[in-house]
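**Student:** for reference, the sequence and a predicted model appear below.
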Amino acid sequence: MRDERPLNHVSIPVLSLLAAGLALQIGLHAALPEPQAKAPDLLPPPPASLLRLASLGEPIALAKILMLQLQAFDYQSGTPIPYKDLDYARVEAWLGRILELDPEGQYPLLAASRLYAEVPDEARQRSMLNFIYRQYLLDPNRRWPWLAHATFIAKHRLKDMGLALEYAAALQKYTTAKNVPAWVTTMEIFIREDLNELETARLMIGGLLASGRVTDRGELKFLNGRLREIEERLRKGAQKQKRQESMTKRADTAPNASSIKAN
(Lines give C-alpha, C1' and ligand atoms only; values in the text may rest on other atoms or scores of the structure.)
Protein backbone atom coordinates (compact mmCIF):
# COMPACT_ATOMS: atom_id res chain seq x y z
CA MET A 1 0.00 0.00 0.00
CA ARG A 2 1.32 3.41 -0.96
CA ASP A 3 2.33 5.91 1.70
CA GLU A 4 -0.31 8.63 1.22
CA ARG A 5 -0.48 11.82 3.21
CA PRO A 6 -3.49 14.10 3.76
CA LEU A 7 -3.59 17.32 1.77
CA ASN A 8 -3.08 19.39 4.91
CA HIS A 9 0.33 17.75 5.33
CA VAL A 10 1.55 19.28 2.04
CA SER A 11 3.55 22.40 2.59
CA ILE A 12 2.13 25.78 1.57
CA PRO A 13 4.94 26.53 -0.94
CA VAL A 14 4.22 23.27 -2.78
CA LEU A 15 0.47 23.99 -2.88
CA SER A 16 1.18 27.51 -4.12
CA LEU A 17 3.39 26.11 -6.86
CA LEU A 18 0.68 23.65 -7.94
CA ALA A 19 -1.94 26.39 -7.94
CA ALA A 20 0.32 28.69 -9.98
CA GLY A 21 0.97 25.92 -12.52
CA LEU A 22 -2.75 25.20 -12.87
CA ALA A 23 -3.53 28.89 -13.30
CA LEU A 24 -0.79 29.21 -15.92
CA GLN A 25 -2.14 26.24 -17.87
CA ILE A 26 -5.68 27.66 -17.80
CA GLY A 27 -4.42 31.06 -18.89
CA LEU A 28 -2.41 29.68 -21.79
CA HIS A 29 -5.34 27.58 -22.97
CA ALA A 30 -7.64 30.60 -22.86
CA ALA A 31 -5.13 32.79 -24.71
CA LEU A 32 -4.61 30.34 -27.56
CA PRO A 33 -6.93 30.85 -30.56
CA GLU A 34 -9.45 28.16 -31.25
CA PRO A 35 -8.24 25.67 -33.90
CA GLN A 36 -9.74 26.56 -37.23
CA ALA A 37 -10.00 24.67 -40.48
CA LYS A 38 -9.32 26.88 -43.45
CA ALA A 39 -10.80 26.36 -46.90
CA PRO A 40 -7.36 26.39 -48.63
CA ASP A 41 -6.46 23.30 -46.57
CA LEU A 42 -8.44 21.21 -49.08
CA LEU A 43 -5.72 19.67 -51.23
CA PRO A 44 -6.13 18.64 -54.88
CA PRO A 45 -7.13 15.00 -55.39
CA PRO A 46 -4.51 12.45 -56.41
CA PRO A 47 -4.62 11.04 -59.96
CA ALA A 48 -7.32 8.46 -60.59
CA SER A 49 -4.68 5.82 -61.40
CA LEU A 50 -3.10 6.27 -57.98
CA LEU A 51 -6.46 6.09 -56.24
CA ARG A 52 -7.35 2.90 -58.09
CA LEU A 53 -4.06 1.39 -56.98
CA ALA A 54 -4.72 2.44 -53.40
CA SER A 55 -8.25 0.98 -53.51
CA LEU A 56 -6.84 -2.59 -53.68
CA GLY A 57 -9.47 -3.59 -56.19
CA GLU A 58 -12.36 -1.87 -54.34
CA PRO A 59 -12.76 1.49 -56.13
CA ILE A 60 -16.44 1.85 -55.16
CA ALA A 61 -15.66 1.42 -51.46
CA LEU A 62 -12.87 3.98 -51.73
CA ALA A 63 -15.17 6.38 -53.57
CA LYS A 64 -17.68 6.22 -50.71
CA ILE A 65 -14.95 6.86 -48.12
CA LEU A 66 -13.60 9.82 -50.10
CA MET A 67 -17.10 11.26 -50.46
CA LEU A 68 -17.64 11.08 -46.71
CA GLN A 69 -14.30 12.77 -46.10
CA LEU A 70 -15.07 15.53 -48.60
CA GLN A 71 -18.48 16.19 -47.14
CA ALA A 72 -17.01 16.25 -43.62
CA PHE A 73 -14.29 18.71 -44.66
CA ASP A 74 -16.55 21.66 -43.90
CA TYR A 75 -16.42 20.75 -40.20
CA GLN A 76 -12.90 20.33 -38.90
CA SER A 77 -11.50 20.90 -35.43
CA GLY A 78 -14.98 21.69 -34.22
CA THR A 79 -15.21 24.73 -36.51
CA PRO A 80 -17.55 24.76 -39.51
CA ILE A 81 -16.45 26.20 -42.84
CA PRO A 82 -19.23 27.80 -44.93
CA TYR A 83 -19.56 26.06 -48.29
CA LYS A 84 -19.17 29.41 -50.01
CA ASP A 85 -15.63 29.73 -48.59
CA LEU A 86 -14.43 26.43 -50.03
CA ASP A 87 -12.17 26.28 -53.07
CA TYR A 88 -14.81 25.16 -55.57
CA ALA A 89 -12.26 24.20 -58.22
CA ARG A 90 -10.86 21.64 -55.81
CA VAL A 91 -14.30 20.55 -54.62
CA GLU A 92 -15.27 19.89 -58.25
CA ALA A 93 -11.98 18.06 -58.82
CA TRP A 94 -12.69 15.77 -55.87
CA LEU A 95 -16.27 15.14 -56.99
CA GLY A 96 -15.09 14.33 -60.49
CA ARG A 97 -12.40 11.99 -59.22
CA ILE A 98 -14.92 10.18 -57.01
CA LEU A 99 -17.20 9.73 -60.01
CA GLU A 100 -14.28 8.27 -61.96
CA LEU A 101 -13.90 5.65 -59.24
CA ASP A 102 -17.64 4.97 -59.12
CA PRO A 103 -19.32 6.14 -62.36
CA GLU A 104 -22.70 4.79 -61.30
CA GLY A 105 -22.63 6.54 -57.95
CA GLN A 106 -25.27 9.21 -57.46
CA TYR A 107 -24.20 10.82 -54.21
CA PRO A 108 -21.45 13.10 -55.61
CA LEU A 109 -23.95 14.76 -57.97
CA LEU A 110 -26.60 14.88 -55.26
CA ALA A 111 -24.11 16.77 -53.08
CA ALA A 112 -23.18 19.00 -56.00
CA SER A 113 -26.78 19.98 -56.73
CA ARG A 114 -28.28 19.98 -53.23
CA LEU A 115 -25.35 21.26 -51.15
CA TYR A 116 -22.63 23.02 -53.11
CA ALA A 117 -24.95 24.59 -55.71
CA GLU A 118 -27.23 26.06 -53.04
CA VAL A 119 -24.69 28.51 -51.62
CA PRO A 120 -25.54 32.24 -51.67
CA ASP A 121 -22.72 32.95 -54.10
CA GLU A 122 -23.68 33.25 -57.77
CA ALA A 123 -20.21 32.57 -59.17
CA ARG A 124 -19.90 29.35 -57.18
CA GLN A 125 -23.46 28.37 -58.06
CA ARG A 126 -22.78 28.76 -61.75
CA SER A 127 -19.51 26.86 -61.47
CA MET A 128 -21.19 23.91 -59.75
CA LEU A 129 -24.13 23.91 -62.18
CA ASN A 130 -21.67 23.77 -65.05
CA PHE A 131 -19.93 20.83 -63.37
CA ILE A 132 -23.28 19.01 -63.07
CA TYR A 133 -24.01 19.71 -66.74
CA ARG A 134 -20.65 18.31 -67.88
CA GLN A 135 -21.10 15.19 -65.76
CA TYR A 136 -24.67 14.73 -67.03
CA LEU A 137 -23.45 14.61 -70.61
CA LEU A 138 -21.26 11.61 -69.73
CA ASP A 139 -24.24 9.52 -68.61
CA PRO A 140 -27.57 11.27 -69.38
CA ASN A 141 -29.94 8.40 -68.63
CA ARG A 142 -28.56 7.93 -65.13
CA ARG A 143 -27.68 11.49 -64.17
CA TRP A 144 -30.76 13.38 -65.42
CA PRO A 145 -32.20 14.08 -61.91
CA TRP A 146 -29.29 16.35 -61.05
CA LEU A 147 -29.43 18.37 -64.28
CA ALA A 148 -33.18 18.71 -63.78
CA HIS A 149 -32.49 20.24 -60.36
CA ALA A 150 -29.78 22.42 -61.89
CA THR A 151 -32.38 23.68 -64.38
CA PHE A 152 -34.63 24.61 -61.47
CA ILE A 153 -31.82 26.53 -59.77
CA ALA A 154 -30.91 28.37 -62.98
CA LYS A 155 -34.52 29.40 -63.55
CA HIS A 156 -35.75 30.22 -60.06
CA ARG A 157 -32.60 31.12 -58.11
CA LEU A 158 -30.32 32.67 -60.70
CA LYS A 159 -33.23 33.98 -62.81
CA ASP A 160 -31.19 33.00 -65.87
CA MET A 161 -33.74 31.73 -68.37
CA GLY A 162 -31.09 31.29 -71.06
CA LEU A 163 -29.07 28.92 -68.88
CA ALA A 164 -32.21 27.09 -67.77
CA LEU A 165 -33.21 26.67 -71.43
CA GLU A 166 -29.76 25.29 -72.30
CA TYR A 167 -30.03 22.64 -69.58
CA ALA A 168 -33.64 21.81 -70.40
CA ALA A 169 -32.80 21.44 -74.09
CA ALA A 170 -30.03 18.99 -73.16
CA LEU A 171 -32.47 16.97 -71.06
CA GLN A 172 -34.88 16.82 -73.98
CA LYS A 173 -32.17 15.84 -76.48
CA TYR A 174 -29.98 13.39 -74.59
CA THR A 175 -32.26 11.74 -72.04
CA THR A 176 -33.72 8.77 -73.91
CA ALA A 177 -34.44 6.10 -71.30
CA LYS A 178 -38.05 4.92 -71.28
CA ASN A 179 -38.37 5.07 -67.50
CA VAL A 180 -37.65 8.82 -67.37
CA PRO A 181 -40.73 10.88 -66.39
CA ALA A 182 -42.21 12.95 -69.19
CA TRP A 183 -41.83 16.21 -67.23
CA VAL A 184 -38.05 15.87 -67.51
CA THR A 185 -38.01 15.96 -71.29
CA THR A 186 -40.78 18.58 -71.49
CA MET A 187 -39.06 21.20 -69.33
CA GLU A 188 -37.75 22.90 -72.46
CA ILE A 189 -41.30 23.32 -73.75
CA PHE A 190 -42.51 25.14 -70.67
CA ILE A 191 -39.44 27.34 -70.43
CA ARG A 192 -39.99 28.38 -74.04
CA GLU A 193 -43.59 29.08 -73.14
CA ASP A 194 -42.39 31.30 -70.28
CA LEU A 195 -40.14 33.08 -72.79
CA ASN A 196 -43.22 33.61 -74.97
CA GLU A 197 -41.81 31.36 -77.71
CA LEU A 198 -45.31 29.97 -78.16
CA GLU A 199 -45.00 28.70 -81.72
CA THR A 200 -41.89 26.70 -80.85
CA ALA A 201 -43.57 25.32 -77.73
CA ARG A 202 -46.64 24.35 -79.77
CA LEU A 203 -44.57 22.50 -82.34
CA MET A 204 -42.59 20.69 -79.65
CA ILE A 205 -45.71 19.50 -77.82
CA GLY A 206 -47.28 18.40 -81.08
CA GLY A 207 -44.16 16.49 -82.05
CA LEU A 208 -43.92 14.87 -78.61
CA LEU A 209 -47.53 13.72 -78.76
CA ALA A 210 -47.08 12.37 -82.27
CA SER A 211 -43.89 10.50 -81.38
CA GLY A 212 -45.65 8.15 -78.99
CA ARG A 213 -42.97 8.67 -76.31
CA VAL A 214 -45.62 9.71 -73.80
CA THR A 215 -47.95 6.86 -72.89
CA ASP A 216 -49.28 7.80 -69.47
CA ARG A 217 -52.91 8.93 -69.73
CA GLY A 218 -52.50 11.67 -67.16
CA GLU A 219 -49.46 13.09 -68.92
CA LEU A 220 -51.18 12.89 -72.30
CA LYS A 221 -54.19 14.75 -70.92
CA PHE A 222 -51.92 17.39 -69.39
CA LEU A 223 -49.96 17.92 -72.62
CA ASN A 224 -53.10 18.12 -74.73
CA GLY A 225 -54.47 20.70 -72.32
CA ARG A 226 -51.31 22.78 -72.54
CA LEU A 227 -51.37 22.49 -76.31
CA ARG A 228 -54.90 23.90 -76.42
CA GLU A 229 -53.91 26.74 -74.08
CA ILE A 230 -50.93 27.65 -76.25
CA GLU A 231 -53.01 27.52 -79.42
CA GLU A 232 -55.60 29.79 -77.77
CA ARG A 233 -52.88 32.25 -76.76
CA LEU A 234 -51.51 32.20 -80.29
CA ARG A 235 -55.01 32.81 -81.71
CA LYS A 236 -55.61 35.77 -79.39
CA GLY A 237 -52.15 37.13 -80.13
CA ALA A 238 -52.80 36.94 -83.87
CA GLN A 239 -56.14 38.72 -83.47
CA LYS A 240 -54.54 41.45 -81.39
CA GLN A 241 -51.77 41.93 -83.92
CA LYS A 242 -54.32 42.08 -86.74
CA ARG A 243 -56.30 44.79 -84.94
CA GLN A 244 -53.14 46.79 -84.30
CA GLU A 245 -52.13 46.53 -87.95
CA SER A 246 -55.62 47.61 -88.99
CA MET A 247 -55.52 50.63 -86.66
CA THR A 248 -52.07 51.58 -87.92
CA LYS A 249 -53.24 51.31 -91.53
CA ARG A 250 -56.29 53.51 -90.87
CA ALA A 251 -54.11 56.07 -89.11
CA ASP A 252 -51.73 56.17 -92.08
CA THR A 253 -54.51 56.60 -94.61
CA ALA A 254 -56.58 59.14 -92.61
CA PRO A 255 -56.49 62.74 -94.02
CA ASN A 256 -53.98 64.96 -92.27
CA ALA A 257 -55.76 67.78 -90.42
CA SER A 258 -53.17 70.41 -91.35
CA SER A 259 -53.36 69.52 -95.03
CA ILE A 260 -57.18 69.83 -94.96
CA LYS A 261 -56.96 73.29 -93.39
CA ALA A 262 -54.45 74.42 -95.96
CA ASN A 263 -56.79 73.34 -98.78
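**Tutor:** On my side now, so go ahead. Worth saying up front: this structure is predicted, and the values here are computed from it rather than measured.
**Student:** just give me the neighbour total for the residue lying closest to P103 once chain neighbours are set aside.
**Tutor:** Excluding the flanking residues, the one nearest P103 by C-beta to C-beta, 6 or more residues apart in numbering is D139, at 6.7 Å. The way it works is simple: take the backbone N, C-alpha and C, and place the C-beta from them, glycine included. D139 has 14 neighbours, counted by other C-beta atoms under 10 Å.
**Student:** and the pLDDT for D139?
**Tutor:** Per-residue confidence for D139 comes out at a pLDDT of 97.
**Student:** same check on Q241?
**Tutor:** Q241 is given a pLDDT of 75.
**Student:** wait, a helix at it?
**Tutor:** Yes - under DSSP: H, G, I helix; E, B strand; the rest coil, Q241 falls within a helix.
**Student:** from R202, how far off is it?
**Tutor:** From Q241 across to R202, the span is 16 Å (C-beta to C-beta, to the nearest Å).
**Student:** with Q135 instead?
**Tutor:** Distance of Q135 to R202, given as C-beta to C-beta: 33 Å.
**Student:** and for H149?
**Tutor:** Separation of H149 from R202 (C-beta to C-beta) stands at 27 Å.
**Student:** dump the residue contacts of N224.
**Tutor:** When the contact criterion is C-beta atoms under 8 Å, 6 or more residues apart in numbering, the partners of N224 are L209.
**Student:** okay, and it sits in which element?
**Tutor:** Taking DSSP states H and E as the criterion, N224 maps to helix 217-253.
**Student:** may I ask which helix or strand encompasses the residue most central in space within the chain?
**Tutor:** The centre of the chain sits closest to S113, judged by C-alpha atoms, centre = their mean, with a distance of 3.3 Å. Under the criterion of DSSP H and E, S113 resides in helix 107-114.
**Student:** next one: phi and psi at the residue nearest to P103?
**Tutor:** The phi and psi values for D139, taken as degrees, to the nearest 10, are phi -160, psi 70.
**Student:** least confident secondary structure element in the chain?
**Tutor:** Within the chain, confidence by mean pLDDT, DSSP states H and E is lowest for strand 79-80 among all helices and strands, at a mean of 50.
**Student:** now the next helix or strand after that strand: buried residues?
**Tutor:** As assigned by DSSP H and E, the chain's next helix or strand after strand 79-80 is helix 88-101. Within helix 88-101, the residues scored as buried using 16 or more other C-beta atoms under 10 Å are 88, 90-101.
**Student:** residues in contact with helix 88-101?
**Tutor:** 42-46, 48, 51-52, 55, 59-60, 62-63, 66-67, 70, 105, 108-109, 111-112, 116, 124, 127-128, 131, 135.
**Student:** quick check: angle from it to helix 107-114?
**Tutor:** 150 degrees (axes from the mean of the first three to the mean of the last three C-alpha atoms, to 10 degrees).
**Student:** neighbour count winner among Q241 and R202?
**Tutor:** Set side by side, Q241 and R202 show more neighbours around R202, with 20 against 10, by other C-beta under 10 Å.
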